[in-house]
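[1] Quick one, fold the following:
(chains A, B, C and D)
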2 protein chains.
Amino acid sequence: MKKENNITIHDIAKALNTSGSTVSRALNDNSRISEKTKKAVREMAKKLGYQPNALASNLRTNCTKTIGVIIPRISRYFFSSAITGIEEYAREKGYNVIICQSNDQEEREADCVQTLFASRVDGVISSIALKTNNYDHYKTFTNRNIPLVFFDRVCDELETNKVVVDDFKGGFLAAEHLISKGCKRIAHISGPQHLNLYINRLQGYLKAMRKHNIQINEDQIIESPLSREDGMACAKRLLESSNPPDAIFAANDTTALSIILYAKEKGIRIPEDLAVVGFSNEPFSEFLSPSLTTVEQSGFDVGVKATELLLNIINNKIGNTQETIVLPVNLIERESSNK
Amino acid sequence: MKKENNITIHDIAKALNTSGSTVSRALNDNSRISEKTKKAVREMAKKLGYQPNALASNLRTNCTKTIGVIIPRISRYFFSSAITGIEEYAREKGYNVIICQSNDQEEREADCVQTLFASRVDGVISSIALKTNNYDHYKTFTNRNIPLVFFDRVCDELETNKVVVDDFKGGFLAAEHLISKGCKRIAHISGPQHLNLYINRLQGYLKAMRKHNIQINEDQIIESPLSREDGMACAKRLLESSNPPDAIFAANDTTALSIILYAKEKGIRIPEDLAVVGFSNEPFSEFLSPSLTTVEQSGFDVGVKATELLLNIINNKIGNTQETIVLPVNLIERESSNK
DNA sequence: CTGAAAGCGCTAACAA
DNA sequence: TTGTTAGCGCTTTCAG
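    Predicted coordinates for the structure are as follows:
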């Protein structure tokens, strides 16, 4: 496949008996060019089928009008919604978006960083891979003053801007809701504790328990990688214990789903014997049977906010402060906790 | 935000008292450079924190090692899985991926084409927007011999390569399955008829009906944009008619979901009174109640195949034939049709 | 095996 | 208001 010779600004210049710089300025709507010339240039450009070469422009200006995004996996609904938000806002402001997936692997994440840097993106939005423990690769950006905004999965080690949802409040709402339904032995299945969001959901849960003087049982707070299989194992462990919980607050909907499936299999009635609350409001949660009570977080909004923040930094509207934006969550009450 | 001055190959050259060309060749593992020099260059590069500038390289070589993807919306599971497949295969072969969303709008799609062309992608993978009727914008690529592969939503007007799933077979399997369950009045809710895939699903359905001598009732074949609301309207129209169907094959799972919800509301039992089959196996379909019988199509596989085909064309392994690759589908039998 | 020099297409001082 | 010129960082002929 050989690519055709492309039309450049010089072809337009030659056809119009003018210079490349005039054409360049005309196409960029520079005020120093007369309307007449601009019009002539634009017409000739169209006639010749000129298409700008962004590579050349970017190389020269050292500004690509492109932002990079690093996410664990695009196929998770929260992240694809976030990307939709990022894309929408970025495009409106004239920016392109390059997306890289880390597949939750540290090494892949470091690759993404290299790729994005090689493409000379103007800024980066990232959500950290589950397996990432060392954050040095991000220094590629921070060392060079390339703005960086983390969302959802953030880390305290790096001093950057962050956009998160109110996980603490979410955990609190979930637990308080179960308490209000009369549950007494409320278990919590939490996620990897090096990620703030799971710590915060857990802390919110603890706060609600303490506020209402509910006994906290260490055996009923377990940490899990939160996959479907892990959820099954947790369900089994909790529900087969000698003193099983009458409610479980799971740190994500996938785990809550596992609990519901396990309970069905064992003839445990939901919500009568066991109330369940999840987190995220995945697309399937509404349609489970019983439908799942969960904490809703808008990926789209997070994406938009992160992009807004990033572009403000890129365009010097705000300095590179270490801002953390917290977006609201809300509890969606459904059948799985409706005693 | 000012970006720091970056290290270039000339900085490495200076530090090593050699020339830029040697450094360039060493970093690209050119055979004309001695191992000793290569090693020295690589070490110095690491020491100085050199990061290649892809823009400059791309501009020079007129090859970006980047492929562009145009999809209707990333938040649909089929498409995000396809992207996962595209990314995985592309990355393995050393290519980057730029993703653009058309939001199912023709104008946005044309914008995507411009953006990708300006970025000088080496090839493009696209799935057509629902609202697109005019395909001229794709000529930007075809006119310049930039390889183009369509997937899923393809169009006959453009002579390009295509990767699709076997929609005809899917429609056939769905209808034959319902027939095998003893259904006699089998309705079909089809999608926009300018897209091949919906035509093919419909034709597959018709073929099965004819094969088994089931009467085809024109009133019970309706075209719909297939959104959740449209599905509700279709369900109402079909089920409130004087001669309601005993089975519905919907061209997507979203519509099948609407039917199930509508039937529940009206006290119509599924599958006893009405059997339902969808198409796509969305993430929620397994968890509906009753769980939804549907035709599974692998977005991931489609993505991988499309990328494989595209890269083969880019790398001249095959000429730009008009190949159409058809991937298999299979029926997943669940409760909604289990009479 | 290595170096000098040209140039990819564009932008931006500076000069006119 | 327009043109001249240099150069972004890299690759690649051609010459040694």
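[2] okay, now A:G303: neighbour count?
    Using other C-beta atoms under 10 Å in any protein chain shown, the number of residues around A:G303 comes to 29. The C-beta positions use only the backbone N, C-alpha and C, and glycine is treated the same way.
[3] In the stretch 201-339 of chain A, which residue sits nearest chain B?
    With distances taken as C-beta to the nearest C-beta, the stretch 201-339 of chain A approaches chain B most closely at A:S289, which sits 3.5 Å away.
[4] tell me which parts of the stretch 151-300 of chain A are close to chain B?
    For the stretch 151-300 of chain A, the residues in contact with chain B under the definition C-beta under 8 Å from any C-beta of the partner chain are A:257, A:282-284, A:287-289.
[5] Check for me that A:V149 belongs to a helix.
    No - the assignment for A:V149 by DSSP: H, G, I helix; E, B strand; the rest coil gives strand, which leaves it out of any helix.
[6] my guess is it meets A:L310, correct?
    Yes - the pair A:V149 and A:L310 passes the contact test of C-beta atoms under 8 Å, sitting 4.6 Å apart.
[7] Name all residues that sit in contact with the two at the same time.
    Common neighbours of A:V149 and A:L310, using C-beta atoms under 8 Å, 6 or more residues apart in numbering or on different chains, are A:123-125, A:161.
[8] Among those, name the buried ones.
    Neighbour-count burial (16 or more other C-beta atoms under 10 Å in any protein chain shown) is assigned, among those, to A:123-125, A:161.
[9] Might you list the low-confidence residue ranges for chain A?
    Counting by pLDDT under 70, chain A contains low-confidence ranges at A:1-5, A:319-320.
[10] Apart from its neighbours in sequence, what residue is nearest A:L55?
    Distances taken as C-beta to C-beta, 6 or more residues apart in numbering or on different chains place B:L59 nearest to A:L55, at 4.5 Å, with adjacent residues excluded.
[11] on that earlier part again, return the subset of the buried ones among the shared contacts of A:V149 and A:L310 lying in helices.
    Secondary structure defined by DSSP state H assigns none of these to helices.
[12] closest to B:P245 among those residues?
    A:I125 (48.3 Å; C-beta to C-beta).
[13] between the shared contacts of A:V149 and A:L310, which is nearest DNA strand D?
    A:G123 (18.2 Å; C-beta to the nearest atom of the strand).
[14] For that closest one, give its distance to A:K65.
    Applying C-beta to C-beta, to the nearest Å, the value for A:G123 to A:K65 is 10 Å.
[15] My guess is A:K339 contacts A:D273. True?
    No - distance between A:K339 and A:D273: 9.9 Å, which falls outside the contact criterion (C-beta under 8 Å).
[16] and the residues of the stretch 151-300 of chain A next to chain B as TSV, adding neighbour count and secondary structure?
    Supplementary listing: those in TSV, determined by neighbours: other C-beta atoms under 10 Å in any protein chain shown; DSSP: H, G, I helix; E, B strand; the rest coil:
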residue	neighbour count	secondary structure
A:L257	23	helix
A:E282	23	coil
A:P283	16	coil
A:F284	20	coil
A:F287	22	helix
A:L288	25	coil
A:S289	15	coil
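[17] related to what we said a few turns ago, from the buried ones among the shared contacts of A:V149 and A:L310, which is closest to B:K131?
    If you rank those by distance to B:K131 using C-beta to C-beta, A:I125 comes first, at 28.9 Å.
[18] what is the closest one paired to in the beta sheet?
    Bridge pairing for A:I125 (DSSP bridges) gives the partners A:V69, A:V149.
[19] quick one: contacts for the closest residue to the residue of the stretch 201-339 of chain A closest to chain B other than its chain neighbours?
    In space, A:S289 comes closest to B:S289 once its chain neighbours are excluded; the distance is 3.5 Å by C-beta to C-beta, 6+ apart. If a contact means C-beta under 8 Å, 6+ apart, then B:S289 has A:287-289, B:335 as its contacts.
[20] which of those lies closest to DNA strand D?
    Checking these one by one against DNA strand D (C-beta to the nearest atom of the strand), the nearest turns out to be A:F287, at 51.5 Å.
[21] Most widely separated two among the contacts of B:S289?
    Every pair in those was compared (C-beta to C-beta); the two farthest apart turn out to be A:L288 and B:E335, at 14.1 Å.
[22] and A:V97, that's in a strand?
    Yes - counting by three-state DSSP, A:V97 is found in a strand.
[23] That one: what's it in contact with?
    For A:V97, the contact set (C-beta under 8 Å, 6+ apart) comprises A:66-69, A:83, A:86-87, A:90-91, B:99.
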